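1. what's the 3D shape of this:
(2 chains)
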2 protein chains.
Amino acid sequence: MQMKPHFQRVTIIGVGLIGGSLALDLKEKGIAAEIVGVGRSRENLDLALSRRIVDRAVQDPVAGVKDAEFVVLAMPVSTIIPTARKILPALKPGAFLTDVGSVKAPIVKEMEKAGVINFVGGHPLAGSEKGGAGAARAGLFAGNRVILTPTKKTDSRVIRVVQEVWEAIGAQVFCLDPKEHDLILAAVSHLPHAVSASLVQAVFRRFSGEEVRRTGAGSFRDLSRISASPPELWRDILSLNREPMLEILADFRKRLAELETYIKEGKSEKILEFFSEAKKYRDAF
Amino acid sequence: MQMKPHFQRVTIIGVGLIGGSLALDLKEKGIAAEIVGVGRSRENLDLALSRRIVDRAVQDPVAGVKDAEFVVLAMPVSTIIPTARKILPALKPGAFLTDVGSVKAPIVKEMEKAGVINFVGGHPLAGSEKGGAGAARAGLFAGNRVILTPTKKTDSRVIRVVQEVWEAIGAQVFCLDPKEHDLILAAVSHLPHAVSASLVQAVFRRFSGEEVRRTGAGSFRDLSRISASPPELWRDILSLNREPMLEILADFRKRLAELETYIKEGKSEKILEFFSEAKKYRDAF
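-> Numbers count the residues shown, from 1 in each chain, chains lettered A, B, ... in the order given. Down below sits the predicted model:
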């Protein structure tokens, strides 16, 4: 049997693609009687109201969390910690708190430092580009994964409740240690973005758009696509996920240097081995 | 007015995806009365015969080029130079010779060293993965680009004839200096493959397939896709295109190091600038 939680009031801070879509689902599935949306942009809040994504909209997060039983921090990852600091004293006792940031260890650490036990970190793997309330849609999380990052200090009740909320709207939930989360996300998401942007930088500093268009194969198109992601998002993520990112970048740099050495020294059988191994990994994946 | 050449006999050495598709088009458009296919694998030649891709099939390239008026070297790039050396003395005087290799300068240099004036290097940008005669199909080149790489020593007649052949089967032809070709292809095709394989190597040496699957976003999927390309192809290309590849790899390495420094030193505005510039380049492209 699957439990479906119910709250009188849910507050979502940051009504963008993730926060707005979550609000739509919580309402549709009867998980929240009232949804309060908090955001800095009045224009975006008005859009959220007119699209009936939220029932009420306020710009002040402290006022927004009043009497809420379930609070979601759904803003850009760089503003989660400062906003959490502001709202913590205003939270209703016993209210559950979670977030949707793409980096987890620094946020979890901050919450534990502040003595918050009703918090568990979360990360829905469902498109992180910010698109405002206009991009929100019901059903965004159905069939997608959500990572929760509890620690030994996390109250088991908050893990259960947050998990039930995500599962009630169709997501598949699994848990990872916050540091483990940040390292593997650095590898499978943040590193690809860093590599794509560096590739685009290297190619276009030397060749014109027209030269690249005329000769560019699907391979360049594939690898450069994500370099068009919102730069602010990657500034925030790479800044906050500093240590794991440097660790994974060092791994990548070593592998690339290995291949470069084989090319330089004309070791064609080593080049073959390098590509064969990569193909074996990719085919199995 | 567009000229359509006509030959009594065309010989295609290497009846794979490129050579086989070219053969089908040359026959269909009435450019060749007879097509001779040359290949090392009897099995592949039999397939080419049964699919009516070629009229005759022989394993010996010297016998294969006998009396041919137009000869195409369509084998893996690593075997073009040794095969060219073998067939040159056997070519009918005045026969036109071209190739379809992904690397041009070393091949062109070898031909000029051998005093061949009826040769122009070619590179159709239409899928380089080897698939044998089974993968060949008519119309593969229609609407796709073909690069020719003449030099000051190239007879203008061979450029014109080879260009007319490609245009007659629907390709768009343009010319590049062989070295220029190798540098830009290193940037837009060979570097992406090197980067993709290095990314896959870095990620899978640290994490299991299951860990990557559970957390991997579309970004990793996009960037790792081409690491499943045929490893022999990339051994050949990177070995032959050594100098340009090292030059472009150095460019990429510098840009990546730049980003790494910004992350290490916590320069978030520099990270923003790096990604903003990459996005601007990509959006314009």
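2. all strands of chain A, in order?
-> Counting by DSSP state E, chain A has these strands, from start to end: A:7-13, A:32-38, A:56-58, A:70-73, A:96-99, A:119-124, A:145-149, A:172-175.
3. what's the closest of those to B:Arg235?
-> Proximity to B:Arg235 (C-beta to C-beta) singles out strand A:145-149 among those, at 36.7 Å. To be clear about C-beta, it is placed using only N, CA and C from the backbone, and glycine gets the same treatment.
4. Tell me the residues on the stretch 1-150 of chain A that lie near chain B, please.
-> Proximity of the stretch 1-150 of chain A to chain B, by C-beta under 8 Å from any C-beta of the partner chain, involves residues A:Leu125, A:Arg145, A:Ile147.
5. List the contacts of the first one.
-> It refers to A:Leu125. Counting by C-beta atoms under 8 Å, 6 or more residues apart in numbering or on different chains, A:Leu125 makes contact with A:Asn144, A:Arg145, A:Val146, A:Ile147, B:Thr215, B:Ala217.
6. was I right about the fifth one contacting A:Leu183?
-> No - in this structure B:Thr215 lies outside contact range of A:Leu183 using C-beta atoms under 8 Å: 10.2 Å.
7. could you point out where chain A is predicted with low confidence?
-> Applying pLDDT under 70 to chain A picks out residues A:1-2, A:127-130.
8. same thing but at 80, please
-> Residue ranges of chain A with pLDDT under 80: A:1-3, A:127-131, A:217.
9. ok, the residue positioned nearest the centre of it - contacts?
-> Nearest to the geometric centre of chain A sits A:Ser102, at 3.0 Å (C-alpha atoms, centre = their mean). The contact partners of A:Ser102, by C-beta under 8 Å, 6+ apart, come to A:Val77, A:His123, A:Ser128, A:Leu185, A:Ser189, A:Ile237, A:Asn241.
10. From B:Gly143, how far off is it?
-> Counting by C-beta to C-beta, to the nearest Å, the gap from A:Ser102 to B:Gly143 is 40 Å.
11. related to what we said a few turns ago, distance to B:Phe204 for the residues of the stretch 1-150 of chain A next to chain B - can I get that in JSON lines?
-> Converted to JSON lines, these look like this (distance: C-beta to C-beta, whole Å):
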{"residue": "A:Leu125", "distance to B:Phe204": "19"}
{"residue": "A:Arg145", "distance to B:Phe204": "20"}
{"residue": "A:Ile147", "distance to B:Phe204": "20"}
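12. Among those residues, which one lies nearest to B:Ile31?
-> Using C-beta to C-beta, these come closest to B:Ile31 at A:Leu125, 52.6 Å.
13. so what's A:Glu15 up against?
-> Actually, residue A:15 is Val rather than Glu. A:23, A:37-39, A:44-45, A:48, A:53-54, A:57, A:74, A:132-133, A:136.
14. and with 7 Å instead?
-> Each residue near A:Val15 by C-beta atoms under 7 Å, 6 or more residues apart in numbering or on different chains is listed here: A:Ala23, A:Gly37, A:Gly39, A:Asn44, A:Leu45, A:Ala48, A:Ile53, A:Val54, A:Ala133.
15. In TSV: those residues, plus neighbour count.
-> Shown next, in TSV, are those (neighbours: other C-beta atoms under 10 Å in any protein chain shown):
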residue	neighbour count
A:Ala23	29
A:Gly37	27
A:Gly39	28
A:Asn44	19
A:Leu45	21
A:Ala48	29
A:Ile53	26
A:Val54	28
A:Ala133	29
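16. Just the ones of those residues in helices?
-> Cross-referencing the contacts of A:Val15 against helices under DSSP state H gives A:Ala23, A:Asn44, A:Leu45, A:Ala48.
17. can you redo the residues you listed as CSV with distance to A:Thr261?
-> Output for those, formatted as CSV (distance: C-beta to C-beta, whole Å):
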residue, distance to A:Thr261
A:Ala23, 53
A:Asn44, 51
A:Leu45, 55
A:Ala48, 54
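18. and which of the residues you listed is nearest chain B?
-> Each of those was scored against chain B by C-beta to the nearest C-beta, and A:Asn44 proved nearest at 21.4 Å.
19. Settle this for me: the closest one is touching A:Ala133, isn't it.
-> Yes - using C-beta atoms under 7 Å, A:Asn44 is in contact with A:Ala133, at 5.2 Å.
20. Report the buried residues of the helix with the most length in chain A.
-> Assignment by DSSP H gives helix A:242-264 as the longest helix of chain A. Using 16 or more other C-beta atoms under 10 Å in any protein chain shown as the test for burial, helix A:242-264 gives A:242, A:244-245, A:248-249, A:251-253, A:255-256, A:259-260, A:262-263.
21. now swap in stretch A:9-28 and tell me
-> A:9-27.
22. Tell me how far it lies from the chain's centre.
-> When distances are taken as C-alpha atoms, centre = their mean, to the nearest Å, stretch A:9-28 is centred 15 Å away from the chain's centroid.
23. distance between the ends of it?
-> This stretch, stretch A:9-28, spans 14 Å end to end (C-alpha to C-alpha, to the nearest Å).
24. Same question for stretch A:261-277.
-> Using C-alpha to C-alpha, one end of stretch A:261-277 lies 17 Å from the other.
25. Next: stretch A:27-39.
-> End to end - C-alpha to C-alpha - stretch A:27-39 spans 19 Å.
26. got a list of contacts for that stretch?
-> With contact meaning C-beta under 7 Å, 6+ apart, stretch A:27-39 is reached by A:4-15, A:23, A:26, A:45, A:48, A:53-59, A:61, A:64, A:68, A:138, A:165, A:168-169.
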